[in-house]
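> Sequence and computational prediction follow.
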Amino acid sequence: MTAETGASMFRVMLRMQIKPGMGGDFEKVWYQVADAVTHHPANRGQWLSRSAEEEGIYYIVSDWADEERFREFERSDRHLEHRTKLHPYRSGGSMTTMNVVYDMSRETARRQ
């Protein structure tokens, strides 16, 4: 549960190392298959970012209603298909999960 909104939010951050010279293709394919995540009812949004400091490093951040529903998606055939399409571009990576404590974007919007 976030302190400001009273609602839970589970965040996943993937750090992906993309094979040299494949960044542009990776970006296109990610965009083409992104709806596998964004159309899941428990997904609250996702973002693809390219590192400004490290060549070939991308971050994918996605927000979920809760951890249980994220894990359900993670085990699904739809997620396996999504991962399979992105795998040829990847040479390494890691995943970090977290619980959102404050969502200042929502707080800022309420103040306006």
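Received the coordinates, thanks.

> This protein: strands as residue ranges?
If you assign secondary structure with DSSP state E, the strands in the chain sit at 10-18, 43-50, 57-64, 90-99.

> Could you list the low-pLDDT ranges of this structure?
Along the chain, segments meeting pLDDT under 70 span 1-7, 106-112.

> how about a cut-off of 80?
Residues of the chain that meet the criterion pLDDT under 80 lie in 1-8, 105-112.

> list the contacts for the closest residue in space to residue 29 that isn't next to it in sequence?
Nearest in space to residue 29, with sequence neighbours left out and distances taken as C-beta to C-beta, 6 or more residues apart in numbering, is residue 85 at 5.8 Å. The way it works is simple: take the backbone N, C-alpha and C, and place the C-beta from them, glycine included. Listed by C-beta atoms under 8 Å, 6 or more residues apart in numbering, the contact set of residue 85 reads 29, 32, 33.

> Could you do residue 46 as well?
When the contact criterion is C-beta under 8 Å, 6+ apart, the partners of residue 46 are 34, 37, 38, 60, 61, 62, 63.

> bridging residues for it?
Each beta-bridge partner of residue 46 is listed here, defined by DSSP bridges: residue 62.

> how deep is the closest residue to residue 43 other than its chain neighbours tucked in, by neighbour count?
Setting aside the residues directly before and after it, residue 43 is nearest to residue 37 in space (C-beta to C-beta, 6+ apart), at 5.5 Å. For residue 37, the count of nearby residues is 21 (other C-beta atoms under 10 Å).

> wait, doesn't residue 37 sit right on residue 47?
No. When contacts are counted by C-beta atoms under 8 Å, residue 37 is not listed as touching residue 47 (10.7 Å).

> hey, what's in contact with both of the two?
Listed as contacting both residue 37 and residue 47 by C-beta under 8 Å, 6+ apart are residue 62.

> re the thing from before, got TSV for the strands of the chain, with distance to residue 78 too?
Supplementary listing: the strands of the chain in TSV, determined by distance: least, C-beta to C-beta, whole Å:
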stretch	distance to residue 78
strand 10-18	16
strand 43-50	11
strand 57-64	14
strand 90-99	18
